[in-house]
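Asker: Quick one: sequence plus predicted model below, questions after.
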Amino acid sequence: MTTVIDGKAVAADVVAKVRVAAEQLIAKTGVVPGIAVVIVGHDPASQVYVASKGKKAKECGFHSIEHALSSDTSESDLVALVEKLNADPAIHGILVQLPLPNHIDAGKIIQTIAADKDVDGFHFTNVGKLGTGELDTAFVPCTPAGSMLLIERALGRDLSGLNAVVVGRSNIVGKPMANLLLNANATVTVAHSRTKDLPALCRSADILVAAVGRPEMIKGDWVKPGATVIDVGINRLDGGANGKSKLVGDVDYASAAEQAGAITPVPGGVGPMTIALLMANTVVSAFRAAGQAAPRF
Ligand SMILES: Nc1nc(=O)c2c([nH]1)NC[C@@H]1CN(c3ccc(C(=O)N[C@@H](CCC(=O)O)C(=O)O)cc3)C=[N+]21
């Protein structure tokens, strides 16, 4: 029997814990966790994300602000805003939505964010801490961190002896995902567009993570029977009901679900976990700022 991993339910669980932690921090220290989201221009994926984020931050009892800037905002103005948020004691988490318009150097903006407010986990300091296993003081990127929680819950055991294949080598998902799996004692292979015989490699995976951004690329006959399949893809396609677009992952769900032991759906899998882990990182940041031992998620 295939288990459909309910990312929405696990995310709700995480959010409930974040809320309790925030209440405890406020009661003990008066520090209210604060998050700032900055969006430049009108990327549709970013807009979807911003809307749910504001709602979740409220649910968690956070102070939440949003800066929506026009697409012609200059790089220096954006740097100045990030520096202002770095210096604002009411803000513990800063997230600048990606992608940014082409005239802005995204790398420069990310490295301007104070590492101890970088709840996306993209700053070199946090990337380095994840790479060296300093997870107590790092911020881990939300999508891989959320995927890891789903994997832990699905398997309910240490990953020693298991083969993990991560398809995709991005800095925001593939690479941090590989590091998390390695930290958890899995044997990890990172595949990408130049990998030879990708289907055969995928078939060797006990844990298969798809993060390539290609709709339904990974087919059922690429999946080892009983494998845990985590679909990070969120692709918007035409042809949904009533002329609307529909969301599909990087995995061909119908055929993969026949093989997998456990699989995440799209929507309702990794997506909600990304937002939940953003809330978790933010409350952790507030605990650290208040000099309190941070909870774990
Ligand atoms: N600095 C930065 N950090 C990000 O983490 C980031 C970003 N920029 N830019 C945009 C992407 C996109 N992203 C999503 C997160 C959750 C859902 C999500 O909750 N999806 C729901 C479905 C939503 C729907 O129905 O449209 C689901 O999968 O069930 C979607 C998209 C985070 N991103």
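Answerer: In hand now; what should we look at? Everything quoted here is computed from the prediction, not taken from an experiment. Numbering: from 1, shown residues only.
Asker: OK, now which residue of the stretch 151-297 of the chain is nearest to the ligand?
Answerer: Residue nearest to the ligand within the stretch 151-297 of the chain: Gly271 (2.1 Å; C-beta to the nearest ligand atom). C-betas here are computed from N, CA, C, even on glycine.
Asker: That residue - that's part of a strand, no?
Answerer: No: secondary structure of Gly271 (DSSP: H, G, I helix; E, B strand; the rest coil): helix, not part of a strand.
Asker: any idea how far it is from Lys17?
Answerer: Applying C-beta to C-beta, to the nearest Å, the value for Gly271 to Lys17 is 19 Å.
Asker: Compare these two and say which one has the larger neighbour count.
Answerer: With other C-beta atoms under 10 Å as the criterion, Gly271 and Lys17 differ in neighbour count, and Gly271 comes out ahead with 26 against 18.
Asker: State the distance from that one to Ile263.
Answerer: 14 Å.
Asker: Next, the contact list for the residue of the stretch 151-297 of the chain closest to the ligand, please.
Answerer: By C-beta atoms under 8 Å, 6 or more residues apart in numbering, the residues touching Gly271 are Gly7, Ile234.
Asker: Can you give the contact residues for the helix of greatest length in the chain?
Answerer: Longest helix in the chain, counting residues (DSSP state H): helix 7-29. The contact list for helix 7-29 (C-beta under 8 Å, 6+ apart) reads 31-33, 56, 59-62, 146, 149-150, 153, 264-265, 268-273, 275-277, 279-280, 282-283, 286-287, 290, 292, 295, 297.
Asker: Would you quantify the distance from Ile5 to Thr228?
Answerer: Applying C-beta to C-beta, the value for Ile5 to Thr228 is 8 Å.
Asker: Show me whatever sits in contact with both of the two.
Answerer: Ala154, Ala262, Ile263.
Asker: Give the burial count for the nearest residue to Ser71 once chain neighbours are set aside, as a bare number.
Answerer: Nearest residue to Ser71, sequence neighbours excluded (C-beta to C-beta, 6 or more residues apart in numbering): Gly41, at 3.4 Å. Using other C-beta under 10 Å, Gly41 has 17 neighbouring residues.
Asker: gap between Gly41 and Val96?
Answerer: For Gly41, the distance to Val96 - C-beta to C-beta - is 12 Å.
Asker: One more: Thr2?
Answerer: Distance, Thr2 to Val96, by C-beta to C-beta: 38 Å.
Asker: Get me the contact residues on this structure for the ligand.
Answerer: Contact residues, the chain versus the ligand (C-beta under 6 Å from any ligand atom): 45-46, 48-49, 52, 95-98, 120, 142, 234, 247, 266-268, 271-272, 274-275.
Asker: Let's see which of these end up in helices.
Answerer: With DSSP H as the criterion, helices contain Ala45, Ser46, Val48, Tyr49, Ser52, Cys142, Gly271, Pro272, Thr274, Ile275 from among the residues of the chain next to the ligand.
Asker: Thanks a lot, see you next time.
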